[in-house]
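[1] fold the following for me, if possible:
(one chain, ligands or ions: 3)
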Amino acid sequence: MADKLIIFDTTLRDGEQSPGASMTKDEKIRIAKQLERLRVDVIEAGFAAASPGDFESIKAIAGIIKDSTVCSLSRANDRDISRAAEALAPAERKRIHTFIATSPLHMEKKLRMTPDQVLEQAKLAVRFARQFTDDVEFSPEDGSRSDMDFLCKVIESVINEGARTINFADTVGYGVPELYGQMIKTLRERIPNSDKAVWSVHCHNDLGMAVANSLAGVVIGGARQVECTINGLGERAGNTALEEVVMAVRTRRDHFGLDLSIDTAQIVPASKLVSQITGFAVQPNKAVVGANAFAHASGIHQDGVLKARDTYEIMRAEDVGWTANKIVLGKLSGRNAFKQRLEELGIGLESETELNAAFSRFKELADRKSEIFDEDIIAVVADEQHSHDNEFYRFVSLAQRSETGERPSAKVVFTMDGKELSCSGEGNGPVDATVNAIETEARSGAELLLFSVNAITTGTQSQGEVTMRLSKSGRIVNGVGADPDIVVASAKAYLSALNKLHSKAERLNPQL
Ligand SMILES: CC(=O)SCCNC(=O)CCNC(=O)[C@H](O)C(C)(C)COP(=O)(O)OP(=O)(O)OC[C@H]1O[C@@H](n2cnc3c(N)ncnc32)[C@H](O)[C@@H]1OP(=O)(O)O
Ligand SMILES: CC(C)C(=O)C(=O)O
Ligand SMILES: [Mg+2]
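    Ligands and ions are numbered 1, 2, ... in the order given. So this is what the prediction gives:
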């Protein structure tokens, strides 16, 4: 059987150290429950000595969570450790995580302690914590900037005191993958009792290398626990992103050869919950959990994915909790993706010529609108079919002017029986001016019974779909036009209705 990689989630502790990410007790409980569903091995629920609120949150989580170990952080002193033990009392499985800085800079400037004092305090802390639980983790804070000889002394001592996990912290994201991994390897080789503890990595993302450093710690250093957070939340630039580590290890099992207990289908729900509670939006291009992580916008990729998904996808969207991958239709899409979407929408076009015409209209629209939704496609095809049904009147272009205090005017170019006409008109509003302009040439004498505008999709980029109902000589027809510019959509709708009034079929069958 392969080794197991322990996933230690610290969203509720280091994640909460992100400025602005503070969470209430109820919010922490909701996240803890989702982390349990995700099947993380350890949940670091907070820092019990930090505040009464943090203490209560840890205590509540310790009473609720059954399948994951619940952990509290504590400085290397009796007060913090006692508070952690008290908060964790209800837990079925509990861990006390104690830490003290080992780098010369932190010892001298921050702790104002000598290395010998730090060594002594680390030993005492682990010894004290072991009175409450066998599961004690020790972190040399700022480990990656610490002296190797001193680290060897401290780590050997705390393992002797009963620390069962050694978490080698790259507190300020100073590590570089090869060097960080090599430091852990060297420590494990040099410390005689190193195999009595599980080695862990805890990396920050100050140089954008938290995940790479963590994985180097695993592969080069032999670490078997990764400390990480959902969406990479955490102090400053954040921590190692859980979703990235998990999916790297799962997807490249050939390389890592490690088992995980994670239910990956819970990753996206966890990401959304954390983002919603903290108000930290996930960037669209974020690996695994970003909205674009499984979206394809360019024709060559869309064509590849439609033929064989793994041409451009190394994981399945469903495996991480998305409902499906996305083919995003837009100006870079090709005919194959467009055709496939028409089929999915149940729209059958009769010939290649019709498909090509609808495709060119779609491309024209996509040049003006960054994302094309299904409703846009339905409108494009309907528009195309209408224009092919009857082409006596055909829209060409429109310019309109309206300014507060001035009467709106419009200039419309359209073809009537193949002949291009340019006409101008004024009206109460730009739509009225457009209809009046068309009527200077069309002279239909039709009465406008209804004018309605619908946004086809949401947002101000949406296409407007205009319906105009005209009546003439007892016949009533509807014309529909769609365009991101609703005045253009109105001109198209009006001309489409005029086409219906003009068509023989309409005259023979007024129900059409
Ligand atoms: C790398 C990390 O992520 S470490 C974890 C960071 N998380 C937090 O800080 C949690 C929130 N913190 C807090 O609520 C507070 O800082 C507390 C409750 C922990 C301490 O508050 P205070 O007692 O007011 O101390 P303050 O925060 O001002 O200073 C920290 C003190 O702890 C000492 N200290 C820092 N780390 C450690 C340690 N690992 N072990 C023992 N003492 C430590 C500092 O030297 C300083 O001591 P001093 O007061 O004698 O100078
Ligand atoms: C408490 C420790 C593990 C920490 O968060 C860090 O060093 O970054
Ligand atoms: Mg940290």
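
[2] state the three-state secondary structure for Glu27.
    Put simply, Glu27 is helix when judged by DSSP: H, G, I helix; E, B strand; the rest coil.

[3] ok, it to ligand 2 distance?
    Computed as C-beta to the nearest ligand atom, to the nearest Å, the Glu27 to ligand 2 distance reads 21 Å. The C-beta positions use only the backbone N, C-alpha and C, and glycine is treated the same way.

[4] how about that residue, nearest residue that isn't a chain neighbour?
    Ile277 (4.7 Å; C-beta to C-beta, 6 or more residues apart in numbering).

[5] so what does whichever strand or helix holds the one you found touch, helix or strand wise?
    Per DSSP states H and E: Ile277 is located in helix 267-278. If contacts are counted by 3 or more C-beta pairs under 8 Å, 6 or more residues apart in numbering; DSSP states H and E, helix 267-278 sits against helix 25-38, helix 242-251.

[6] list of residues touching the helix or strand following it?
    Remark: after helix 267-278, the chain's next helix or strand is strand 295-296, criterion DSSP H and E. Here strand 295-296 makes contact (C-beta atoms under 8 Å, 6 or more residues apart in numbering) with Gln302, Val305, Tyr312, Asn325, Lys326, Ile327, Val328.

[7] how about the residue nearest the centre of the chain, what does it touch?
    Residue closest to the average C-alpha location in the chain (C-alpha atoms, centre = their mean): Gly290, at 2.4 Å. Under the criterion of C-beta under 8 Å, 6+ apart, the neighbours of Gly290 are Val282, Gln283, Pro284.

[8] how about the residues of the chain that lie near ligand 1?
    Counting by C-beta under 6 Å from any ligand atom, the chain comes close to ligand 1 at 14, 17, 47, 49-51, 75-77, 99-100, 110-111, 141, 171, 235.

[9] mind giving me the PyMOL select for these, buried ones only?
    Remark: buried members of the residues of the chain next to ligand 1, expressed as a PyMOL selection using 16 or more other C-beta atoms under 10 Å:
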select buried, resi 14+17+47+49+50+75+76+99+100+111+141+171+235
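
[10] so which of the residues of the chain next to ligand 1 belong to strands?
    Phe47, Arg75, Phe99, Ile100, Glu141 (DSSP state E).

[11] could you dump these into CSV with pLDDT added?
    Formatted as CSV, those follow (pLDDT from 0 to 100):
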residue, pLDDT
Phe47, 98
Arg75, 98
Phe99, 98
Ile100, 99
Glu141, 98
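
[12] and the two most separated of those residues?
    Spanning the widest gap among these are Phe47 and Ile100, at 14.2 Å by C-beta to C-beta.

[13] host element of the residue of the stretch 1-150 of the chain found nearest ligand 2?
    Nearest residue of the stretch 1-150 of the chain to ligand 2: Ser139, at 3.9 Å (C-beta to the nearest ligand atom). Using DSSP H and E, Ser139 falls within strand 136-141.

[14] what's the angle from the helix or strand following that strand to strand 136-141?
    Per DSSP H and E, strand 136-141 leads on to helix 148-160 as the next helix or strand towards the C-terminus. Per axes from the mean of the first three to the mean of the last three C-alpha atoms, to 10 degrees, the angle that helix 148-160 makes with strand 136-141 is 170 degrees.

[15] and helix 148-160, what other elements does it pack with?
    If contacts are counted by 3+ C-beta pairs under 8 Å, 6+ apart, helix 148-160 sits against helix 115-129, strand 136-141, strand 165-170, helix 177-190.

[16] give the contact list for the residue nearest to Gln17 when sequence neighbours are not counted.
    Spatial nearest neighbour of Gln17, excluding adjacent residues (C-beta to C-beta, 6+ apart): Glu235 at 4.1 Å. Counting by C-beta under 8 Å, 6+ apart, Glu235 touches Asp14, Gln17, Ser18, His204.

[17] please redo it, this time with the cut-off set to 10 Å
    13-19, 21, 171-173, 204-206, 229 (C-beta atoms under 10 Å, 6 or more residues apart in numbering).

[18] same question, Asp9
    Taking C-beta under 10 Å, 6+ apart, one finds 15, 31-32, 35-36, 38, 40-45, 68, 71, 226-230, 239, 242, 262, 270 in contact with Asp9.

[19] swap in 8 Å and give it another go.
    So Asp9 contacts Leu35, Leu38, Val40, Val42, Ile43, Glu44, Glu227, Cys228, Thr229, Ile230, Leu242 (C-beta under 8 Å, 6+ apart).
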